[in-house]
Structure formats: C-alpha cells, structure tokens
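Colleague: Need coordinates for the following:
(one chain, ligands or ions: 1)
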Amino acid sequence: MAERFDVRSIEQVPTYAPDPSYKQNAWVRDYSWTYREFFSNPDEFWENVARELEWFKPWDRVREWKYPYAKWFVNGKLNITHNCLDRHVLSKRKNKVALIWRGEGDEGRVFTYNQLYKAVNRFANGLKNIGVKRGDCVCIYMPLVPEQIIAMLACARIGAIHNVVFAGFGAQALNYRINDAEAKFVITADIGIRRGRALPLKIIVDEAITHAPSVERVIVLRRQNPPIELHSEIEVDFKEIMGGVSPECKPEEMDAEDVLFYLYTSGSTGAPKGVVHTCGGYMVGVYHTMKCVFDLKEDDIYWCTADPGWITGHSYIVYGPLCAGATVFITEQTPDFPDPGAWWRLIEEQCITIFYTAPTAIRMFMKLGEEWPDKYDLSSLRILGSVGEPLNPEAFEWHYRVVGKQKCPILDTWWQTEAGMHMLTTLVGEPMKPGFVGKPIPGVVADVVDKNGKPVKPYEGGFLVIKEPWPSMFRTVLKNDERYRKYWETIPNCYAAGDLAVKDKDGYIMVLGRADDVIIVAGHNIGTAEVESALVSHRAVAEAAAIGKPDPMRGNLLKAFVILRTGHSPSDKLTSELIHHVRMTLGPIAMPSEIEYVDKLPKTRSGKIMRRVLKARELGMDPGDISTLEED
Ligand code: WTA
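Modeller: Residues are numbered from 1 along each chain as shown. From the prediction side, this is the model:
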C-alpha cells in the first residue's frame, strides 16, 4: 500500500490560525514543548495528570507493559464517581450546575453537582436493594434523559459493570449484547421521544429478553401518563427503587484495573466486539483530554451531541466532563425538529461555549442553508469539535465561517471505542489544516506506517497506528482475547487502528477511512457481517453482501447485494420487506438504503466475499488485485 497522494492538493491546504488569545489562555500553551515533555518521560507525564484526581489509595507503579497487555496505576484504588461527584460536592463546585437537559417543547431539567450526587446515590442504593452486586453486568438501554446518566454513574458507584446499548439498536442487536455480556439487569424506559413521536423501547426490551437467560430484573423508567403497567415479577419501576432510600451511598473501592464498562462496537468480521474498559486509566485519560483538548474552563457550558450509548457519550458526556467539573448540556431534540433551527436555538438559549458534534450533522446543516444558524445568536461559542468520521474541508470551512464566525478553533478529534479518549487532534491555538485531524496529543505516540511498521514518507498512504500503550486503552475484547491480540499483531509492535491515513511534511495526519469492512454511516460504525447476517435471517435470502457507498451527507450509505432463495423473486415489495427486517433486527441505524438482487457474489477461492470488488464495480473503479477471485 504505497499509494501516493496528490502532493500539491495536500500542500496547498490553507492553514487557519486561530486568534492568539486562544493559545495564551490554553491549558496547553505550547504543543511542541508539552509533547516533548511527555515524550521524555511518559510515566511522569501521566502520573502528574493522575495526581490531579482523588484516589483512595495511590498506585505502586504508573504502568506495567507486557506486550500487548497494559496495566495502569497498578494497585491504585479509586471510584470514578467519587471524582465525578464527591470531589466537586466537597468543593466550591457543590452548587455548580452539572447537567442541563432539554426535552422537546418546553420540557427541561437542571441538576447541580449536589443534586446529581444525591440522585446517583439514591439510585445506587435502589440497585443494591434489588440485588445488584459488584461485578454484575447491567445493560442500559435508554433514551437521552438524565436518568440514563444517573444509571451509568450508579452502576459505577457500586462496582457493577455497565453495558450501555444505544437505543437506536433493534431487538436482535440488543439481545446479542445482553447475552454476550451475561447482563443480569436491564435498565430501560417505556419510550424515547424523537421528532415528536414516542419510540417504544420497552417493547424492544421485552422481545430482546425472551431468549436472555441471564436477565433477572428489568428496571423501567416510566415517562408516559398514565404509566404503563409493569406486568411480570421481574419488572420494577426506576423511580420507585430511588424512593425512600438514603441519598448517601459509599462508593465501592475499585482497583484501577477493575472493569468499569463493556461497550460493543462493530468489527470487520463476525459478531460485535465487547470492548472492555477499566476504572483507573480510563478516568485519567478522559479527564486529561476533557481538560486539555477542549481546553475546559470553569464557566464553560459544554454540549456534546452524541448519545451516551456510544463511546463519545461515555467519555465526553459522562465521565470526562463530570470528572473535570464541567456544566454539561444534553438534549433529546434532533437537529431538524420542529424546524432546522432547533440546535442553533438551543445554543442561543443555553449560551453554549463548547459544541462537539459529528461531520454528518455539519454536512446536513450545510445543506439546510446558512439562514438557519444566521437566525440565532451563536456568539457564546468558543470552541467547536468534531468526531466520528473525516471532517471534509468543505464542511470544515463552512463550520468555521458560518457557525464559528471565523473565530472558534475547530478540534477534529480522531479516536475510537477501543481508545477510550481523544488520540489525535489540532490543539486549541495551533494552526488548523482543513481535512487533517492533526497530530497525536501529548500522551499519545502515533504514526502512519506500512504493513511492516515502518513509518511511511510524507504524502504516502499507510496505516494509522499507536506505538505506546495509553492509560484509557481497552484491556481486552470480552470473551475473545484473540480478537484483542489481533489489533496488536497485525503490524509489528503497534496497535493497528484499522484506519488508513496520510501525513504531511509538518506531521499533520489526515485520516482517509477504514482499512477493513467496517462501514461508517453518519458516524456510526456498522459491521458488514452484522447487516449480512440480518439479511440472511430473512426467509427469502440465501446470501448477502454489504458495502458502503460514498454519500455527500452521511459519509456512506449501506448498499446490500442479495441472492434470493429459489422460489423468491425480486420485487419492490420484497425490497421494502428486507429493509424493514433489518430495521427490526439491527435497528434503524443499520438499514440499507439500496438493495440489488444478484445471482452471484464475487468470492475468493476460500469462499470469502470480496466486498472490495463489489464496491469498485459500484463506483466504476478498478477493483485492484483480483487474482484470488473465484468468479469466471
Ligand atoms: C472513525 C468514535 C476521521 C475512524 C470516537 C475510527 C474518524 C472510527 C474520526 C471509530 C475523525 C472517528 N476523523 N475518522 N476525527 N473519529 N473516526 O469506535 O474510522 O465509534 O476508527 O469511535 O471512526 O469509531 P468509534
């Protein structure tokens, strides 16, 4: 893979220089100096970060590294919620606003740190009372309401392992994530609300747990009036278990290497992977990046538009911001309902200062037109962030000009579920190059290399790798350590992220996309294997292959090629039925936009579908090396 990129097009990238005041006031004032400091003594660097937080017992060693297994803050004892809540409640932040939630219409709720502390403790006591114990896995399948965050923190408080599943997943996807993690408890809500409509979450849970032998109890947040009935013996009411219990719950003393959560992510092959994160290193990583990458200040009002069901929400709605004592805004509102001004109105209403969103949203805003952001006062904004997929230069420029009014730095942050925290970006105050994420942050050693691990020259494509362990790295893949090792064995002495990238002569990195069969649709990772197996589970389908087809707004669209079983023939009705089937099994985020019926699929001699060939054909490109193709 020594593809050469058009040098001029990269060299001609205009550089954007943010106002010098950003650099003067930043936590990291001089990127190069701070990076060198880190590089000269990584352990000391991370130890200094860890000391800013509170530990029940300090660590004996900063890290223990036996390739590819790392331990961080060895023998340190902590509870992340002590740092998210108690630390602030015992300080002048006690009555600072921790969480602001907006629903649709006029609905809204606010929690100070003290109020959030009490709510989390009550719910933690409620969980204990119904039998949740340290080490138990609790699946959280909830809409974006404060209780979703309260549930996560309450689990962490008592040492239960949460496994949050995004509420846009369907019953089969949820069932897999419950069974694989052997969740004993499921926390859900009767409904989520989206664009004025109720989404029946509880019904999906009912279906998902019909074949989930590990599940003992289901806790239901009832939002509807009159409340739905809780039928069977296993169901309990969310608010009821919080009632009549103490607002004090002593945090469980966790070892730095105890598991904090599982979070499933799509892999290039096979079933989704249960990424395992631990308490100590994760806390230090997300705290450090929240503070230094977002350059968080005491009076910021910070909005990350992700959902806690994704890693972005875990790290930058819940744990990072709360560890750092931020005021976090969340909303169940979508950007275009009741009109395309919804999010801009919220920025004006809440005086948001840091706005962290996804390229797919930015591209949608571009399409809707400047008149929408122009209607609102966005002058409170100080910093803009982006995550999830490449932020193309056009979207960067539009966002910089129309939303940031040519003054706000844009942080394009590259990282992954496995990474737990930001890895690459252009820190506030540094010159920005549209299309490039930037450089590894202080704390991270990254590079672009060939398949042997040798750094490639500037402007030559290669694989994005991380060369040293970092505190918030995942520790394994649940029940599949082999898959964990694979990340570290693909390229010698490196963690292979699975992304293709290119560097320029200044060391700025541009992420080009996935090197494997993971498709990123509107910022969500979708495994081809999951979509294909959902299709094949339909009675009419014999075989299926899914590819990502570039789309100007959503990054990629899913296209599926389907071979029908004998006795079935293609029709528009069948196409709608298949799309609906995927929607019901995997959820709306994994629905194909297009289905093509074929008689044959290109395969290798060993029988693997060559999606690359399908994609090349679809795009009218040269499919590359097809010598292993079986097809005649
Ligand atoms: C992609 C999300 C380009 C990438 C935090 C990565 C990006 C995958 C960026 C991880 C970015 C994420 N520029 N690509 N700024 N951020 N990606 O696990 O392909 O949901 O490997 O974590 O998203 O997605 P995940």
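Colleague: Up against the ligand, what does the stretch 351-500 of the chain have?
Modeller: 387-390, 412-417, 437, 497-499 (CB under 6 Å from any ligand atom). Using the backbone N, CA and C atoms, a C-beta is placed for each residue, glycine as well.
Colleague: What is the neighbour count of Leu464?
Modeller: Per other CB atoms under 10 Å, the neighbour tally for Leu464 reads 28.
Colleague: What is the subsequent helix or strand relative to the particular helix or strand that has it in it?
Modeller: Using DSSP states H and E, Leu464 sits in strand 462-466. Next in sequence after strand 462-466, counting helices and strands by DSSP H and E, comes strand 476-477.
Colleague: was I right about Glu248 contacting Asn121?
Modeller: Yes. When contacts are counted by CB atoms under 8 Å, Glu248 is listed as touching Asn121 (5.6 Å).
Colleague: related to what we said a few turns ago, so what secondary structure elements neighbour the strand holding Leu464?
Modeller: If contacts are counted by 3 or more CB pairs under 8 Å, 6 or more residues apart in numbering; DSSP states H and E, strand 462-466 sits against strand 446-449, strand 495-503.
Colleague: Can you list the helices and strands that the last one packs against?
Modeller: Secondary structure elements in contact with strand 495-503, counted by 3+ CB pairs under 8 Å, 6+ apart, are strand 446-449, strand 462-466, helix 481-489, strand 509-514.
Colleague: quick one on the thing from earlier: more crowded one of Glu248 and Asn121?
Modeller: Between Glu248 and Asn121, counted using other CB under 10 Å, the more crowded position is Asn121 (26 against 11).
Colleague: Mind checking the pLDDT average for the strand or helix carrying that one?
Modeller: Remark: Asn121 resides in helix 113-129, with elements defined by DSSP H and E. Averaging pLDDT along helix 113-129 gives 98.
Colleague: If the residue of the stretch 451-600 of the chain found nearest the ligand is in a bridge, with which residues?
Modeller: Nearest residue of the stretch 451-600 of the chain to the ligand: Val511, at 3.7 Å (CB to the nearest ligand atom). Beta-bridge pairing for Val511 (DSSP bridges): Ala501.
Colleague: Could you tell me which residues make contact with it?
Modeller: Counting by CB atoms under 8 Å, 6 or more residues apart in numbering, Val511 makes contact with 390, 414, 424, 437, 464, 499-501.
Colleague: what about it, distance to Gly462?
Modeller: Val511 sits 11 Å away from Gly462, going by CB to CB, to the nearest Å.
Colleague: Can you check which residues contact both of the two?
Modeller: Residues touching both Val511 and Gly462 by CB under 8 Å, 6+ apart: 500-501.
Colleague: Just give the closest residue to His162, not the sequence neighbours.
Modeller: Cys155 (4.2 Å; CB to CB, 6 or more residues apart in numbering).
Colleague: could I get the helices and strands packed on strand 495-503 as JSON lines with mean pLDDT?
Modeller: Output for those, formatted as JSON lines (pLDDT from 0 to 100):
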{"stretch": "strand 446-449", "mean pLDDT": "97"}
{"stretch": "strand 462-466", "mean pLDDT": "96"}
{"stretch": "helix 481-489", "mean pLDDT": "97"}
{"stretch": "strand 509-514", "mean pLDDT": "89"}
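Colleague: of these, which approaches Ser379 most closely?
Modeller: strand 509-514 (31.2 Å; CB to CB).
Colleague: mind checking how far the closest one is from the chain centre?
Modeller: For strand 509-514, the separation from the chain centroid amounts to 17 Å (computed by CA atoms, centre = their mean, to the nearest Å).
Colleague: Repeat that for stretch 376-389.
Modeller: 18 Å.
Colleague: follow-up on the earlier one: please work out which of the helices and strands packed on strand 495-503 is packed deepest.
Modeller: strand 462-466 (a mean of 25; mean count of other CB atoms under 10 Å).
Colleague: and the angle from that strand to strand 495-503?
Modeller: Angle, strand 462-466 to strand 495-503, by axes from the mean of the first three to the mean of the last three CA atoms, to 10 degrees: 130 degrees.
Colleague: can you list contacts of strand 462-466?
Modeller: Outside strand 462-466, the residues that reach it (CB under 8 Å, 6+ apart) are 1, 414, 419, 423, 444-451, 453, 455-456, 473, 491, 494-497, 499-502, 509, 511, 515.
Colleague: Let's see that with 7 Å instead.
Modeller: Strand 462-466 has contacts (CB atoms under 7 Å, 6 or more residues apart in numbering) with 1, 423, 444-451, 456, 491, 494-497, 499-501, 511, 515.
Colleague: Which of the three states applies to the closest residue to the ligand within the stretch 51-200 of the chain?
Modeller: Here the stretch 51-200 of the chain gets closest to the ligand at one residue, Phe166, 10.3 Å apart by CB to the nearest ligand atom. The three-state label given to Phe166 by DSSP: H, G, I helix; E, B strand; the rest coil is coil.
Colleague: Phi and psi next, for it.
Modeller: Here is the backbone geometry of Phe166 (degrees, to the nearest 10): phi -60, psi 130.
Colleague: Now for it, how many residues are close by?
Modeller: The number of residues packed near Phe166 is 22, by other CB under 10 Å.
Colleague: average pLDDT for stretch 244-261?
Modeller: Average pLDDT, stretch 244-261: 98.
Colleague: helix, strand or coil for the residue nearest to His162?
Modeller: helix.
Colleague: Settle this for me: Leu557 is touching Ala546, isn't it.
Modeller: No. The pair Leu557 / Ala546 is not scored as a contact, 10.6 Å apart, by CB atoms under 7 Å.
Colleague: between these two, which one's more packed in?
Modeller: Neighbours per residue (other CB under 10 Å) separate Leu557 from Ala546, with Ala546 holding more: 27 against 18.
Colleague: So which elements touch the helix or strand where the more buried one lies?
Modeller: In this structure, Ala546 is located in strand 541-551 according to DSSP H and E. In this structure, strand 541-551 packs against helix 528-536, strand 555-564, helix 611-619, with contacts taken as 3 or more CB pairs under 7 Å, 6 or more residues apart in numbering; DSSP states H and E.
Colleague: need the ones you listed in TSV with mean pLDDT and distance to the ligand, can you?
Modeller: Shown next, in TSV, are the helices and strands packed on strand 541-551 (pLDDT from 0 to 100; distance: least, CB to the nearest ligand atom, whole Å):
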stretch	mean pLDDT	distance to the ligand
helix 528-536	87	14
strand 555-564	93	9
helix 611-619	87	16
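Colleague: Between the ones you listed, which one is closest to Gly369.
Modeller: Gly369 lies closest, by CB to CB, to one member of those: strand 555-564, at 20.4 Å.
Colleague: Could you export the closest one as PDB, CA atoms only?
Modeller: Output in PDB follows, covering the C-alpha atoms of strand 555-564 (Å, rounded to 0.1, in the frame of the first residue of the first chain):
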ATOM      1  CA  GLY A 555     -20.400   9.800   4.700                       C
ATOM      2  CA  ASN A 556     -21.500   6.400   3.500                       C
ATOM      3  CA  LEU A 557     -24.800   4.700   2.700                       C
ATOM      4  CA  LEU A 558     -25.300   1.000   3.000                       C
ATOM      5  CA  LYS A 559     -25.900  -1.000  -0.100                       C
ATOM      6  CA  ALA A 560     -26.700  -4.700   0.000                       C
ATOM      7  CA  PHE A 561     -26.300  -7.300  -2.700                       C
ATOM      8  CA  VAL A 562     -28.700 -10.100  -2.200                       C
ATOM      9  CA  ILE A 563     -29.000 -13.600  -3.700                       C
ATOM     10  CA  LEU A 564     -32.500 -14.900  -3.200                       C
END
